[in-house]
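**Student:** A predicted structure for the sequence below; I have some questions about it.
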Amino acid sequence: MRSRKATEERKIKRKNKRREARRKKREGKRKAGNNLVAKGNRKGRKARASAQEPKIWTNARGIWMATLNVDGMLRQGKREEVEAWMKKNDIAILFLQETHSAWDSREARGNYTWYFSGEKKLLEEQWTAGVGVVIENKHIQHVEDVEPMNDRMIRLAIKGSMPTTMLGVYMPQAGRSEADRDKAYDTLNGIVRKYKGRGPIYIVGDMNARIQKAEGRLEKEHIGKYTFEPETAERPHLRSAMVSENREKLITLCQTHRLRVMSTMFKKQKEKLATYRNVGTPIWWEVKRGHPYGYEQMDYILTTER
């Protein structure tokens, strides 16, 4: 009997072998096509154009993807500010949270296209979260589909030899009702289960969960060591029940679908690990956890193990 580890390694080897075989087959067809075109040119015939693979993932510099909680998009000039920030930081795809948009919409602007996903609430609950995605127009040709799902999730499908799924999410805060949080995670679990077998999947956004650091061997399989201030992480018994529940829901999501929190896998400056600061905290204050600073890491990028 093979061990579970040996079985997984064998699956990976077989998958890589099949992938390599498919690549060689494509290259063989491409060379054969080029030979035919060259032969046609010798006879004075016009060469036919050949299809090209999307370059969005093969660019030597790569592309930058980011997530941003905008705290509303209704203020005049907010779109221009976001686009200027994207241009300055060379961001190709930006996922938005808390847009407060109650409808699904698309806006084609000069250099960027905006997609919003909203949900009109019942009369007794006027507040809506709202999410969205902004894509630089030169990359639009590589987008297969943008699907607004609800006011907390939007799906982006990227073309390629293997389809790539990106989910922009905004999960409920610890202060929201348990029913609200359960509903959001049930929906997210269903979406991940549906698309993770089709190709790479990325979950990007504001998870509203304080991981702080991996606790135990099982969590280290999904969480890296580069979290924000792991040395000042709260002890489990000192966390509030709702904060602990949000953390547990995120960890369970990772364990269920074999996801890794990639934003904790790479070493970065402490200032770039913190993704949240309390309202009213001056931006020139030292980046630290706890009162009165109030910095924390709650936005993440998750992806499936390959």
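**Tutor:** Yes, it's here.

**Student:** quick one, what contacts E286?
**Tutor:** Y293 (C-beta atoms under 8 Å, 6 or more residues apart in numbering). Quick note: C-beta positions are derived from backbone N, CA and C, even for glycine.

**Student:** and the residue nearest the centre of the chain, what does it touch?
**Tutor:** Compute the mean C-alpha point of the chain, and by C-alpha atoms, centre = their mean the closest residue is V204, 2.5 Å away. Neighbouring residues of V204 by C-beta under 8 Å, 6+ apart: M65, T67, F95, M166, L167, G168, V169, I301, L302.

**Student:** which stretches of the stretch 51-200 of the chain form helices?
**Tutor:** Per DSSP state H, counting those that start in this stretch, the stretch 51-200 of the chain carries helices over the ranges 78-88, 178-195.

**Student:** got JSON lines for these, with mean pLDDT and distance to L238 too?
**Tutor:** As requested, the helices of the stretch 51-200 of the chain are exported to JSON lines (pLDDT from 0 to 100; distance: least, C-beta to C-beta, whole Å):
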{"stretch": "helix 78-88", "mean pLDDT": "95", "distance to L238": "36"}
{"stretch": "helix 178-195", "mean pLDDT": "93", "distance to L238": "21"}
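
**Student:** show me where pLDDT drops low in the stretch 51-200 of the chain?
**Tutor:** The model of the stretch 51-200 of the chain has pLDDT under 70 over residues 51-61, 121-127.

**Student:** returning to that earlier point: who wins for proximity to W285 among the helices of the stretch 51-200 of the chain?
**Tutor:** Between W285 and those, the shortest gap by C-beta to C-beta is with helix 78-88, which sits at 21.1 Å.

**Student:** same for the closest one, what does it pack against?
**Tutor:** Applying 3 or more C-beta pairs under 8 Å, 6 or more residues apart in numbering; DSSP states H and E, one finds that helix 78-88 contacts strand 64-69, strand 91-97, strand 112-117, strand 131-136.

**Student:** got the CA positions of stretch 170-184 in PDB?
**Tutor:** Coordinates of each C-alpha in stretch 170-184 appear next as PDB, following Å, rounded to 0.1, in the frame of the first residue of the first chain:
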ATOM      1  CA  TYR A 170     -15.200  40.800   0.800                       C
ATOM      2  CA  MET A 171     -16.100  38.600   3.800                       C
ATOM      3  CA  PRO A 172     -18.200  39.900   6.700                       C
ATOM      4  CA  GLN A 173     -16.600  41.500   9.700                       C
ATOM      5  CA  ALA A 174     -16.500  39.900  13.100                       C
ATOM      6  CA  GLY A 175     -19.200  42.200  14.200                       C
ATOM      7  CA  ARG A 176     -21.700  40.900  11.600                       C
ATOM      8  CA  SER A 177     -24.300  38.300  12.500                       C
ATOM      9  CA  GLU A 178     -23.300  34.600  12.600                       C
ATOM     10  CA  ALA A 179     -25.900  33.900   9.900                       C
ATOM     11  CA  ASP A 180     -24.400  36.500   7.600                       C
ATOM     12  CA  ARG A 181     -20.900  35.100   8.000                       C
ATOM     13  CA  ASP A 182     -22.000  31.500   7.600                       C
ATOM     14  CA  LYS A 183     -23.900  32.400   4.400                       C
ATOM     15  CA  ALA A 184     -20.900  34.100   2.900                       C
END
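
**Student:** about what we covered before: need the helices of the stretch 51-200 of the chain in CSV with mean neighbour count, can you?
**Tutor:** Listed next are the helices of the stretch 51-200 of the chain as CSV, based on neighbours: other C-beta atoms under 10 Å:
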stretch, mean neighbour count
helix 78-88, 14
helix 178-195, 15
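
**Student:** can you redo those as a markdown table with distance to V134?
**Tutor:** Formatted as a markdown table, these follow (distance: least, C-beta to C-beta, whole Å):
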| stretch | distance to V134 |
| --- | --- |
| helix 78-88 | 7 |
| helix 178-195 | 21 |
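
**Student:** of those helices, which approaches R247 most closely?
**Tutor:** Among those, if distance is taken as C-beta to C-beta, the winner is helix 178-195, at 11.7 Å.

**Student:** each with direction, which strands does the next helix or strand after that closest one pair with?
**Tutor:** Downstream of helix 178-195, the next assigned helix or strand under DSSP states H and E is strand 201-206. Applying DSSP bridges to the sheet, strand 201-206 is found paired with strand 164-170 (parallel), strand 299-304 (antiparallel).
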